[in-house]
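Enquirer: any chance you can model this:
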Amino acid sequence: MKPPFFFILTLLISSHSLFAVSNSEWRDSLFDYRAEDPQDSLREFSIPRFVGVASLTSVSFIAAYALVFQKGWWEDQERGFHLDPIKNDFHYSLNLDKMGHFASGVALGEFFYESYYWTGLSEFHSYLFAGLSASLTHVGIDIKDGFSPSWGFSFFDVFAGSLGGFYPMAKRYIPAFKYFDLKMSYWINTKAYYRQSETKIFTDDYVNQTYWLSLKVYRLLPTPARKYYPDWLAFAVGLSIDEGVFVNGVGKGKREIYLALDYDLEAFKPQKNWSRLLVKSLNYIKFPAPSIQVYPETKFFLTYPIQFGKNRQYKN
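Expert: Take a look at the predicted model:
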């Protein structure tokens, strides 16, 4: 199991009224987009704000458990704590679940960062503690998985989620990370997962999920060439799986690879904190765009992941 990616992003955006600090218009949106204003007035740690963050986080996690996770954790069928067999762990959903855990870690990392920074922690420590908090969240979730009848505790799931938790920190401090984005798209084009699943939790519907590496072409170009290229137009490579993983059994089915146009929302050059947070959150979503499936066969989709009519890849 993993925290719902879009649930956490929605929480991150909606909670900004609490976490907002001073507005700034000094950032270099091309390369220092994530840098915080060193002149922010709030730099002393606030215990009341920290208590507020802890309370909001607790309520959010309880709600996520009650609304999403509880029905997927087999409360009445628990067995003794055990590890997930490595063979099953590496074959389940052709490892696309590891991307799901990573993406959830990213969303948690962003949420915790905004929270910690609002309480008065420094920028660096906010990123650091955000990564650690995301990692501990995945440890807690996987410990619960360790008691399930079908799954078990997975070190690899925790590792993937932990890497995701530190991804926002890497985006801020490692220059190479400023040239690409990691994104996710989700659209129900087949109900293969829901036909065979007892729990029907959308976060496990990997057939309809695609994970993308989006290259910021504008930033990769030499400075003289940039005036000829739209700064918002990016190029993405996507990975998904077909419905065979739910029809043929564990380890079956095929991976799918896509090439697509993409939109770099940072090109809108948001400077104020509310707009920067909105763009930072939305930029994790791969919006519909012309795409080509290049493996295991070649197909063209005008608005992938949304598929219509004859272009629809699967049958419900």
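
Enquirer: ranges for the helices of the stretch 201-316 of the chain?
Expert: 217-220, 244-247, 273-282 (DSSP state H, counting those that start in this stretch).

Enquirer: low pLDDT regions in this protein?
Expert: 1-31, 38-43, 63-90, 142-143, 145-153, 199, 248-251, 309-316 (pLDDT under 70).

Enquirer: quick one: the strands in it, in order.
Expert: In the chain, the strands defined using DSSP state E lie at 180-186, 209-215, 233-241, 255-263, 289-295, 299-304.

Enquirer: mean neighbour count added to those strands, as CSV?
Expert: For every residue, glycine as well, the C-beta is placed using N, CA and C. Below are the strands of the chain laid out as CSV (neighbours: other C-beta atoms under 10 Å):
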stretch, mean neighbour count
strand 180-186, 21
strand 209-215, 22
strand 233-241, 21
strand 255-263, 19
strand 289-295, 16
strand 299-304, 16
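
Enquirer: quick one: closest of these to residue 101.
Expert: Closest to residue 101 of the strands of the chain is strand 209-215 (C-beta to C-beta; 11.1 Å).

Enquirer: elements contacting that closest one?
Expert: helix 96-119, strand 180-186, strand 233-241, strand 255-263 (3 or more C-beta pairs under 8 Å, 6 or more residues apart in numbering; DSSP states H and E).

Enquirer: could you rerun that using 6 Å?
Expert: strand 180-186, strand 233-241 (3 or more C-beta pairs under 6 Å, 6 or more residues apart in numbering; DSSP states H and E).

Enquirer: and of the ones you listed, who's closest to residue 116?
Expert: strand 180-186 (21.7 Å).

Enquirer: now for the closest one, which elements pack on it?
Expert: strand 209-215.

Enquirer: re the thing from before, any chance of JSON lines for the helices and strands packed on strand 209-215, columns distance to residue 169?
Expert: Listed next are these as JSON lines, based on distance: least, C-beta to C-beta, whole Å:
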{"stretch": "strand 180-186", "distance to residue 169": "14"}
{"stretch": "strand 233-241", "distance to residue 169": "22"}
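
Enquirer: so what's residue 49 up against?
Expert: residue 119 (C-beta atoms under 6 Å, 6 or more residues apart in numbering).

Enquirer: what do you get for residue 184?
Expert: Contacts of residue 184 (C-beta under 6 Å, 6+ apart): 103, 211.

Enquirer: please redo it, this time with the cut-off set to 7 Å
Expert: Residue 184 is in contact with 5, 103, 209, 211, 284-286, counting by C-beta atoms under 7 Å, 6 or more residues apart in numbering.

Enquirer: ok, the residues you listed vs residue 228, which is closest?
Expert: residue 286 (25.2 Å).

Enquirer: count the residues that sit near the closest one.
Expert: 26 (other C-beta atoms under 10 Å).

Enquirer: that one contacts residue 262, correct?
Expert: Yes: contact criterion C-beta atoms under 7 Å: residue 286 and residue 262 qualify, at 6.4 Å.

Enquirer: pull up the overlap in contacts between those two.
Expert: residue 236.

Enquirer: how far away is the nearest residue to residue 180 once chain neighbours are set aside from residue 274?
Expert: The shortest distance from residue 180 to any non-neighbouring residue, by C-beta to C-beta, 6 or more residues apart in numbering, is to residue 215 (5.3 Å). Look at residue 215 and residue 274: by C-beta to C-beta, to the nearest Å, they are 28 Å apart.

Enquirer: next, name the residue at the spatial heart of the chain.
Expert: By C-alpha atoms, centre = their mean, the chain has its centre lying nearest to residue 103, at 2.8 Å.

Enquirer: looks like it contacts residue 164 (just checking).
Expert: Yes: Residue 103 lies in contact with residue 164 (C-beta under 7 Å); the separation is 6.3 Å.

Enquirer: I'd like the helices of the stretch 201-316 of the chain written out as CSV, with mean neighbour count and distance to residue 230 added.
Expert: Compiled in CSV, the helices of the stretch 201-316 of the chain are given as follows (neighbours: other C-beta atoms under 10 Å; distance: least, C-beta to C-beta, whole Å):
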stretch, mean neighbour count, distance to residue 230
helix 217-220, 17, 7
helix 244-247, 18, 37
helix 273-282, 18, 17
